[in-house]
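A.B. asks: Here you go, sequence then predicted model.
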Amino acid sequence: MIHKTKKQENFRRLATHRTRRVLHYMGLLSNLANQTNLYIYTPEDVAKMSNAIRKGLDELEKRFKSAKDDDNFEL
């Protein structure tokens, strides 16, 4: 049981840290929408960024789902 708890603690520690980093960098991307016209971008540029982020999130969810499904394998 201790081994499982340690793995859970490690997962939570790493997941928390990495999630916070992702959110930080998403905030930096949001800063590019700055209203003082420091940057010029098109709706297509924003769509490309959004689509890339969605694709990455979909892949993340898919990997966690498939990892969980592997545990249920039976012959």
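C.D. replies: Done, it's in.
A.B. asks: Quick check: the most centrally placed residue in the chain vs residue 6, distance?
C.D. replies: The C-alpha lying nearest the average C-alpha coordinate of the chain belongs to residue 57 (CA atoms, centre = their mean; 5.2 Å). Going from residue 57 to residue 6 by CB to CB, to the nearest Å gives 28 Å. Bear in mind the C-beta positions are built from the backbone N, C-alpha and C, glycine included.
A.B. asks: Please identify the helix or strand for residue 58.
C.D. replies: Secondary-structure assignment from DSSP states H and E places residue 58 in helix 43-70.
A.B. asks: buried ones in that helix?
C.D. replies: Judged by neighbour count (16 or more other CB atoms under 10 Å), helix 43-70 contains no buried residues.
A.B. asks: How is this protein divided into domains?
C.D. replies: Structural domains assigned to the chain are 1-35, 41-75, following automatic domain parsing.
A.B. asks: export these to JSON lines and tack on mean pLDDT?
C.D. replies: Formatted as JSON lines, the entries for the domains of the chain read as follows, by pLDDT from 0 to 100:
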{"stretch": "domain 1-35", "mean pLDDT": "91"}
{"stretch": "domain 41-75", "mean pLDDT": "87"}
